[in-house]
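Chemist: Here is a sequence together with a model predicted from it:
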Amino acid sequence: MEQIFTIPVNEEFDACRDDTSLGCPFCKLYRRLQRDELDIILGASMMEPDIRMKTNEIGFCNKHYGYMLSRKRMLGMGLILESHLAEVKGKITKKALLKDPSAPSMAAISKLNGDCYVCSRIRRNLDGMISTAVYLYENDDDFRRKFAAQPYFCLPHYTELITYASKKMNKKLFREMFDIAQSVEEKYITSLSGDVSWFCKKFDYRYDEEPWYNSKDSVQRSIKFLTGSEEDEE
């Protein structure tokens, strides 16, 4: 029952099922969305008036400025910053700020610190991917098997998925999905906890001669599980 809007979700669930080192399928979807958004914003669309109006107003977070810089499209960056700085300059009104530090202009400047055009786009699209995953689980038997074969769901995306599904699915099907997701999580965290415990033991001289088994990267994997993996690792 493949449809255009289900393709990205199916592709990333397939990839994570086939290669468990890829981890959470929603993290992989996040990274895919992030790459797409950065390609778009540094491509021809940066000259589209409606997009430039948004980027001028909102700007970007430090992380996404860094990713944009790493792509070395400096003219595009310069053009984006030229118009964004003009927008910021218009908000910095010394007279108004001296008169009242809580003036609307200060509120507008403060708002910039928490806004990012790329983050907001990713958030909106990732919400749609979570919705699509629930839709596929409801309507596609093959996806249900694929869902059960995932290595794990990171804690933030697991919470978002279960919260959304609990509101949208009928109780019987939700309970089935919840039980499967919970089984995936419990299996992974049990294995991960064992790896971390062994990792810690290896710093005890009594275990010097013992192998590391699967514990060498257990700290990094634990952080990915607990917080999600937004970094583009490709």
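Modeler: Great, that's in hand. Numbering: from 1, shown residues only.

Chemist: contacts and neighbour counts: CA atoms only from here.
Modeler: Fine.

Chemist: need the contact list for the residue most central in space within the chain.
Modeler: When the chain is reduced to its mean C-alpha position, the nearest residue by C-alpha atoms, centre = their mean turns out to be Tyr30, at 3.9 Å. Residues near Tyr30 by C-alpha atoms under 8 Å, 6 or more residues apart in numbering: 122, 126, 230.

Chemist: again, but for Leu173
Modeler: Contact partners of Leu173, counting by C-alpha under 8 Å, 6+ apart, are Glu138.

Chemist: Spell out the secondary structure type for it.
Modeler: helix (DSSP: H, G, I helix; E, B strand; the rest coil).

Chemist: Show me the helices in the chain, by range?
Modeler: For the chain, helices defined by DSSP state H occupy the ranges 7-18, 25-41, 49-58, 62-70, 74-91, 94-99, 104-112, 117-139, 141-148, 155-168, 171-201, 218-227.

Chemist: ok, back up a step: now, which of the contacts of Tyr30 sits nearest Phe5?
Modeler: Leu126 (12.2 Å; C-alpha to C-alpha).

Chemist: Kindly provide the distance from the residue nearest to the centre of the chain to Tyr152.
Modeler: The gap separating Tyr30 from Tyr152 is 15 Å, by C-alpha to C-alpha, to the nearest Å.

Chemist: Next: Ala133.
Modeler: From Ala133 to Tyr152 the distance is 15 Å (C-alpha to C-alpha).

Chemist: try Ser191
Modeler: Ser191 is 11 Å from Tyr152, by C-alpha to C-alpha.

Chemist: Next: Thr163.
Modeler: 17 Å.

Chemist: who's more crowded, these two?
Modeler: More neighbours surround Tyr152 than the other of Thr163 and Tyr152, with 27 against 11 (other C-alpha atoms under 10 Å).

Chemist: Against Phe143, how distant is the more buried one?
Modeler: Taken as C-alpha to C-alpha, the span from Tyr152 to Phe143 is 15 Å.

Chemist: so where is the protein shaky, pLDDT-wise?
Modeler: Residues of the chain that meet the criterion pLDDT under 70 lie in 1, 93-108, 232-234.

Chemist: residues near Thr55, how many?
Modeler: 21.

Chemist: Kindly report the same for the one 3 residues further on.
Modeler: Ile58 sits with 23 neighbouring residues when counted by other C-alpha under 10 Å.

Chemist: and it, what does it touch?
Modeler: Contacts of Ile58 (C-alpha under 8 Å, 6+ apart): 112, 115-117.

Chemist: just Ile223 next, same as before
Modeler: Ile223 neighbours (C-alpha under 8 Å, 6+ apart): none.

Chemist: Can you give me the distance of it to Leu192?
Modeler: Taken as C-alpha to C-alpha, the span from Ile223 to Leu192 is 11 Å.

Chemist: and what of Cys116?
Modeler: With the distance defined as C-alpha to C-alpha, Cys116 ends up 34 Å from Leu192.

Chemist: Over to Ile92?
Modeler: Using C-alpha to C-alpha, Ile92 is found at 50 Å from Leu192.
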